[in-house]
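Participant: everything below, folded, please.
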Amino acid sequence: SILIIGSGPIVIGQACEFDYSGSQSLRSLREDGIETVLINSNPATIMTDPSMADHVYLLPLTTKSILKILKEHPQIDAVLPTMGGQTALNLCIEADEKGIWEDHQVKLIGVDIDAINITEDREKFRELMLKIGVGMAPQATATSFLKGKEIAQEFGFPLCIRASYTLGGAGAAIVYEEEDFDKLLRRGLEISPIHEVMIDKAMMGWKEYELELLRDKNDNVVIICSIENMDPMGIHTGDSITVAPAMTLSDKTYQKMRDMSIKMMRSIGDFEGGCNVQFAVSPDEKEEIIAIEINPRVSRSSALASKATGYPIAKIATKLAIGYTLDELDNQITKSTSALFEPTLDYVIVKIPRWNFDKFEGSDRTLGLQMKAVGEVMGIGRSFQEALHKATQSLEIKRNGLGADGKGYKDYNQIIDKLTNAS
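Facilitator: Presented below is the predicted three-dimensional model:
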């Protein structure tokens, strides 16, 4: 019997992607005849449909609710928190600190507590990356306002502020001018549940990439998909137009990035399941790679990667968490090869986000480190151009592709301004 934690209410940055992975996961467990218990506070999801899990609890995502469920179902053997985004991981940590899992002999599967702590505590993550020889942007941690001011004087502007243990880039900002720094630093410290922010030198203009990985108990690792952001560093991946597979990397750099991501996944802990790794690459000939972050869970991009490659990441990640190995599982499409084969794409996928600022009156339309998109579309084509135009048409914003309908901008200065100040 396994308990699955959902992602709770729909907020920007965490919505149907985790409903998609949660539903896949429940189906996957049912195939193996395992009893499923689901907790999620949001009734407007597919995974809370009575037919999906054996027992569905529509309760607030708190440790009190977890205790109630464990008392009613003493037969629960394990908990799988990686399908509910950051919300589920945070709840899992809280329950672990209170000793709830230990008291009820519930095993944590799909991830381990150390991995969650290392990836969310930005200082620990930085130390680990430097130890295994993976480059990072110059950065430092501040737990107080004064410490933050000291760091800013040392690094100079532009700077990046990121709050620890938050989702969708909440509390994150890029600071160009000294006068904005105080306000944004205070906000970051207030938003972080442990009152900690990471301040790093902003790598403006660097290219941003993501890789989706899966690992089994025998330490086999496959890389499902590489995703490249059309927008440079400084704009949240959820607000960027993204392209799969990565287009502008030299093969040498791509192989180096693969090796780094596998090394990073192995270094954060010994668990079976999915991982999402983000990198920045310098836009010059050197193609220097630095690590941005790693999420030891099914992420927003996993849903995109699953649809782009036809490889059901959440479903396979669930099977790995309960002890299967990649070579034992069938490839879902060919049915003849194993899941240990990496999908190769002979087509291009373009994802474009969709914003809805008109509904949020008075909201700031500039794009930055905090995600603001409320949806996305995906175009599939034989070439990048085809996929891009298909995606633009799917946005339903009365555009027929880019430039073809005469609605584009023609003034050079206006175009440069739009590119500089994304909104």
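Participant: ok, residue 41 - contacts?
Facilitator: 6, 8, 9, 58, 59, 60, 61 (CB atoms under 8 Å, 6 or more residues apart in numbering). In short, each C-beta sits where N, CA and C put it, glycine included.
Participant: one more pass at 6 Å, please.
Facilitator: For residue 41, the contact set (CB atoms under 6 Å, 6 or more residues apart in numbering) comprises 8, 60, 61.
Participant: so which of those comes closest to residue 394?
Facilitator: Residue 394 lies nearest to residue 8 out of the contacts of residue 41, by CB to CB, at 28.3 Å.
Participant: helices of this structure, start to end?
Facilitator: Assigned by DSSP state H, the helices in the chain fall at 16-31, 63-72, 85-97, 100-103, 113-120, 122-131, 145-155, 178-191, 251-268, 300-309, 313-321, 384-394, 412-420.
Participant: same list (those helices) but as a markdown table, adding mean neighbour count, mean pLDDT and distance to residue 351.
Facilitator: Shown next, in a markdown table, are these (neighbours: other CB atoms under 10 Å; pLDDT from 0 to 100; distance: least, CB to CB, whole Å):
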| stretch | mean neighbour count | mean pLDDT | distance to residue 351 |
| --- | --- | --- | --- |
| helix 16-31 | 23 | 92 | 12 |
| helix 63-72 | 15 | 96 | 34 |
| helix 85-97 | 21 | 91 | 18 |
| helix 100-103 | 14 | 95 | 36 |
| helix 113-120 | 20 | 89 | 24 |
| helix 122-131 | 16 | 89 | 27 |
| helix 145-155 | 15 | 88 | 33 |
| helix 178-191 | 16 | 88 | 27 |
| helix 251-268 | 17 | 95 | 20 |
| helix 300-309 | 23 | 90 | 6 |
| helix 313-321 | 26 | 94 | 15 |
| helix 384-394 | 18 | 93 | 7 |
| helix 412-420 | 10 | 89 | 19 |
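Participant: still on that earlier bit, just the buried ones from the contacts of residue 41, in PyMOL syntax?
Facilitator: Selection of buried members from those for PyMOL, criterion 16 or more other CB atoms under 10 Å:
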select buried, resi 8+61
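Participant: among the contacts of residue 41, which one sits closest to residue 81?
Facilitator: Nearest to residue 81 among the contacts of residue 41, with distances taken as CB to CB, is residue 61, at 10.5 Å.
Participant: which one of the helices of the chain lies nearest to residue 345?
Facilitator: helix 300-309 (6.5 Å).
Participant: C-alpha coordinates for the closest one, PDB please?
Facilitator: Extracted in PDB, the C-alpha atoms of helix 300-309 (Å, rounded to 0.1, in the frame of the first residue of the first chain):
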ATOM      1  CA  ARG A 300       7.100  20.900 -14.900                       C
ATOM      2  CA  SER A 301       9.500  20.100 -17.800                       C
ATOM      3  CA  SER A 302       9.000  16.400 -17.300                       C
ATOM      4  CA  ALA A 303       5.400  16.700 -18.500                       C
ATOM      5  CA  LEU A 304       6.700  18.500 -21.600                       C
ATOM      6  CA  ALA A 305       9.500  16.000 -22.100                       C
ATOM      7  CA  SER A 306       7.100  13.100 -21.800                       C
ATOM      8  CA  LYS A 307       4.800  14.500 -24.500                       C
ATOM      9  CA  ALA A 308       7.700  15.500 -26.700                       C
ATOM     10  CA  THR A 309       9.400  12.100 -26.600                       C
END
